[in-house]
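**Student:** sequence first, then the predicted structure, then my questions.
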Amino acid sequence: MSLLDIAPVVPVVVIDDLETAVPLARALVAGGLPVIEVTLRTPVGLEAIRRIAAEVPEAVVGAGTVRTPADVAASVDAGSKFLVSPGTTPALVDAFEASGVPFLAGVATASEVMALAERGVTEMKFFPAEAAGGLPYLKALGGPLPQVRFCPTGGIKLATAPDYLALPNVGCVGGTWLTPAEALATGDYARIEKLAAEAAALR
Ligand SMILES: O=C(O)C(=O)C[C@H](O)[C@H](O)COP(=O)(O)O
């Protein structure tokens, strides 16, 4: 099954305290969102992926903010089941393809979409979704490039997700709204599970 079709929402999580990784992943899975993107933006990101991969087998944990071939290698070594990047470079896509792991490379223009499509890639991350033009922009890309499907991410919330999900070229959306920093700081995993359940019900 395509990464875009497992769940309607991919929680993008920024983990500062490694101890939160496993309970956080369990809460998201319990709420109905098994696909979890852990960003490499914090020093514990890779170790968080390693722990979730080892201790939460129901989760499909991947790495976000993958920017270099070295990030690809480290993410795969940590047990990432998929890889996500904010943008696309030829070297990064070479590394993605060589890894054998599913990936969502970031794009924001028709030329970037076409460059990836030329290589046979048909699923991408549209980033930063809201800032780059949002719903009307994605709808417009679907005219000339209907074979490509996206996971828009960046500025999307529970209230705006349904409109994105209604587009034929959107498989799922990503966002950080499911894991508010206060909930993580206070260990309020019940709140995270509830936010995940609301998002899981979108499709
Ligand atoms: O670092 C990356 O590669 C990312 O994945 C960036 C995230 O997709 C956005 O930061 C989403 O954040 P929100 O706009 O709060 O939902």
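**Tutor:** Perfect, I can see it now. Keep in mind it's a predicted model, so treat the numbers as computed, not measured.

**Student:** which elements pack onto the lowest-mean-pLDDT helix or strand in the chain?
**Tutor:** In the chain, no helix or strand scores lower on mean pLDDT, DSSP states H and E than helix 181-186, which sits at a mean of 94. With contacts taken as 3 or more Cβ pairs under 8 Å, 6 or more residues apart in numbering; DSSP states H and E, helix 181-186 sits against helix 189-200. Yep, even glycine has a C-beta here, placed from its N, CA and C like the rest.

**Student:** the helix it packs on and the ligand, are they touching?
**Tutor:** No - contact of helix 189-200 with the ligand (Cβ under 6 Å from any ligand atom) is absent, the minimum separation being 11.8 Å.

**Student:** tell me the buried residues in that helix?
**Tutor:** For helix 189-200, burial by neighbour count (16 or more other Cβ atoms under 10 Å) applies to Y189, R191, I192, E193, K194, L195, A196, A197, E198, A199, A200.

**Student:** list the contacts of it.
**Tutor:** Contact partners of helix 189-200, identified using Cβ atoms under 8 Å, 6 or more residues apart in numbering, comprise 7-9, 11, 23-24, 26-28, 30-33, 158, 161, 177-180, 183-184.

**Student:** over to stretch 120-129?
**Tutor:** 2-4, 84-87, 93, 104-108, 113, 116, 132, 138, 147-156, 164, 171, 173-174.

**Student:** check those one by one and keep those near the ligand.
**Tutor:** Answer for the contacts of stretch 120-129 near the ligand (Cβ under 6 Å from any ligand atom): V84, P86, T153, G154, G155, I156, G174.

**Student:** the contacts of stretch 120-129, buried ones only, as a ChimeraX selection?
**Tutor:** Applying 16+ other Cβ under 10 Å to the contacts of stretch 120-129, the buried members can be selected in ChimeraX as follows:
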select :3,4,84,85,86,93,104,105,106,107,108,113,116,132,138,148,149,150,151,152,153,154,155,156,164,171,173,174
